[in-house]
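[1] pasting the sequence and the predicted model now:
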Amino acid sequence: MEQEIIHVPELAKLLGRSESSIRSAHQARAYWLPPFFKQGVRLCWRISTVRKFLQECEEEIHAPKRPGRKRQTPPTLSRVG
């Protein structure tokens, strides 16, 4: 029987990352980390939520927003002649 709730070590294996990168991402509120909940002090994820989150990432729903700087329109050159 597959477990319904996973913790940092299992999520790290599932995402192909280290446990420390998962913990760092949690502190930094990284966009690529699935929604979690806590049981006491432990970070927990429902496996169904993680799978849904990964599916949404494939569809680029959770892509980071990269606003950047607004472009200025270049001045128009008046033609002489």
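    Right, received. Where do you want to start? Residues are numbered from 1 along each chain as shown.
[2] all helices in the protein, in order from the N-terminus.
    8-15, 19-28, 47-58 (DSSP state H).
[3] for the ones you listed, which has the smallest mean pLDDT value?
    Note on the helices of the chain: lowest mean pLDDT is at helix 47-58, with a mean of 92.
[4] pull out the buried residues from it.
    In terms of neighbour count (16 or more other Cβ atoms under 10 Å), helix 47-58 has its buried residues at Ile47, Thr49, Val50, Phe53. Where you see a C-beta, it was placed from the backbone N, CA and C, and this is true even at glycine.
[5] in a markdown table, list these along with distance to Gly40.
    Formatted as a markdown table, the buried residues of helix 47-58 follow (distance: Cβ to Cβ, whole Å):
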| residue | distance to Gly40 |
| --- | --- |
| Ile47 | 20 |
| Thr49 | 19 |
| Val50 | 20 |
| Phe53 | 23 |
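[6] thinking again about what came up before, switch the helices of the chain over to TSV; also include distance to Pro35.
    As requested, the helices of the chain are exported to TSV (distance: least, Cβ to Cβ, whole Å):
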stretch	distance to Pro35
helix 8-15	12
helix 19-28	11
helix 47-58	6
